[in-house]
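> Structure, please.
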Amino acid sequence: MNENETGMAAVEIPDVTVIIGAYEAMPYLIPCLKSVEAQTLGADRIEIVAVNDGSTDGTGEYLDEFAARSKVSTRVVHQENSGGPSGPRNVGLDMARGRYVFFLDADDYLGDEALERMVAMADRNGTDVVLGKIEGIGRGAPKSMFGRTLERTDLFSSNIKFTLSAEKLFRRELLEKHRMRFDQQLYTGEDARFTLEAYVRSNGVSIVADYVCLYIVRRDDGKHITQSGSYAMRFDSATALMDLIADFFPPGEQRDELMIRPFVITLLPQFDHRWLKAKTGTRQDKLELAQPLTDKYWTPGVARRLKVPERLRLHYVAEGRADLLEEHLRFLQAKEVPEVVRKGREGKPYLAYPHFGDKEAGVPDEMYAVTVPEWVDGVRVSVPKAGKPKPSFARRVVRKLRRMARGTAAGRPARS
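Numbers count the residues shown, from 1 in each chain. This is a model prediction of the structure:
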């Protein structure tokens, strides 16, 4: 590994160190670096640490050229390919001097005011992590947590658990205090584990929702790590995140609330329509890889927080019921609509997916119960509000007769 520092003299304590790990990043690297130069925070308040992770496409040469001419203090590290994003990020973090760090992927870019707004937010509130609004270029982007700007929030007061990429502003003091680094044994999902730990350990999180701070770009060459890699990596990622949650939170409501994220975002996609197309061996292998996770962390508390079609899929996975999972997926694939069945005096809604009420299949009715609002054939189905049960027809008749009798006794004409 060799390091090359050129360009303007390095500032002693910059506000932000932008860490960029780059592998075969051309031509995406060009707008990425331009966006850092264009920051309204000012070149004298920023430094870049760029790690060329064994590129052969001119990425390293372009980084050296940029460092030689840019007003932003830039240090470039050239190293052999590490096989994933964790190594370059850790190298950058070891070299960082800023009060804050921002991990910027080489194929993404910043909005011009991003760092200025995020630094101001963190300084104003004393928060350790700042999320900036994200917009996707040719790909989707998380939205549910960016409904409004929040000066201070946490894991249980917002939807931040659903955005765990590392492209956020972190107070470096927090990371160094806990010696936080990316797990180099993980080749996908390493950022989720790192970011969730930062959320948990932080003195609050802020959200900038009124300005697009980050543009995430879909690569046309398919070299982005989330577009490649074996399915086994996804199970490793889910395991790491679930184990981390369990380390911080004992069994109970908070653990169940956070477990939604790895179950729905990481594990569930392994059992979608693509599972139907997979070979029998692959299908079975995925069920076996999921078994230790469902044995430890699939609980009634997690289940009731999910929509019925998600819950059923994970229930079948937990029970190892490949036959029922296949039927359920084919029902979804055919875009069939389940009947809404209401039971009990309160009219509790159930969605009659395949095998609802089928004693032989052995699926508990509660797996079909609507516990969170969801849409069925364009109609919103909600959980009945808790309260007094609606009186039966017979009881309503008795009450009416009593009112009529009281009216007659008082000399008032009875109302029919």
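> biggest strand in this structure, by residue count?
Criterion DSSP state E: the longest strand present in the chain is strand 205-217.
> Strands of the stretch 51-200 of the chain, residue ranges please.
Along the stretch 51-200 of the chain, counting by DSSP state E, counting those that start in this stretch, strands occupy 73-79, 100-103, 109-110, 129-137, 150-153, 169-171.
> So for residue 30, which of those sits nearest?
strand 109-110 (9.4 Å; C-beta to C-beta). Where C-beta positions appear, they are placed from N, C-alpha and C, glycine not excepted.
> gap between that closest one and the chain center?
20 Å (C-alpha atoms, centre = their mean, to the nearest Å).
> Show me what it pairs with in its sheet, parallel or antiparallel.
Strand 109-110 has the following strand partners under DSSP bridges: strand 205-217 (antiparallel).
> Show me how far whichever helix or strand comes after the partner strand is from its chain's centre.
Using DSSP states H and E, the helix or strand that follows strand 205-217 in sequence is helix 231-248. Offset of helix 231-248 from its chain centre (C-alpha atoms, centre = their mean): 13 Å.
> May I see the buried residues of helix 231-248?
233, 234, 235, 236, 237, 238, 239, 240, 241, 242, 244, 245 (16 or more other C-beta atoms under 10 Å).
> The last one and residue 304, how far apart?
The one in question is residue 245. 18 Å (C-beta to C-beta, to the nearest Å).
> repeat for the fifth one
Taken as C-beta to C-beta, the spacing of residue 237 relative to residue 304 amounts to 25 Å.
> same question, the first one
Distance of residue 233 to residue 304, given as C-beta to C-beta: 30 Å.
> quick one on the thing from earlier: report the inter-axis angle for the longest strand of the chain versus strand 129-137.
Inter-element angle recorded for strand 205-217 and strand 129-137: 30 degrees (by axes from the mean of the first three to the mean of the last three C-alpha atoms, to 10 degrees).
> Distance from the chain centre to strand 205-217, please.
Centroid displacement of strand 205-217 relative to its chain, using C-alpha atoms, centre = their mean, is 15 Å.
> List the buried residues of that strand.
205, 206, 207, 208, 209, 212, 213, 214, 215, 216, 217.
> what's the closest of these to residue 280?
residue 216 (36.2 Å).
> Out of the strands of the stretch 51-200 of the chain, which is closest to residue 360?
strand 129-137 (45.5 Å).
> quick one: average pLDDT of the closest one?
The average pLDDT for strand 129-137 rounds to 98.
> Can you tell me the strand partners of it and which way each runs?
Partners of strand 129-137 in its sheet, by DSSP bridges: strand 169-171 (antiparallel), strand 205-217 (parallel).
> okay, those in a markdown table with distance to residue 376 and mean pLDDT next?
Below are the strands paired with strand 129-137 laid out as a markdown table (distance: least, C-beta to C-beta, whole Å; pLDDT from 0 to 100):
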| stretch | distance to residue 376 | mean pLDDT |
| --- | --- | --- |
| strand 169-171 | 40 | 98 |
| strand 205-217 | 30 | 98 |
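> out of those strands, nearest to residue 121?
strand 205-217 (4.5 Å).
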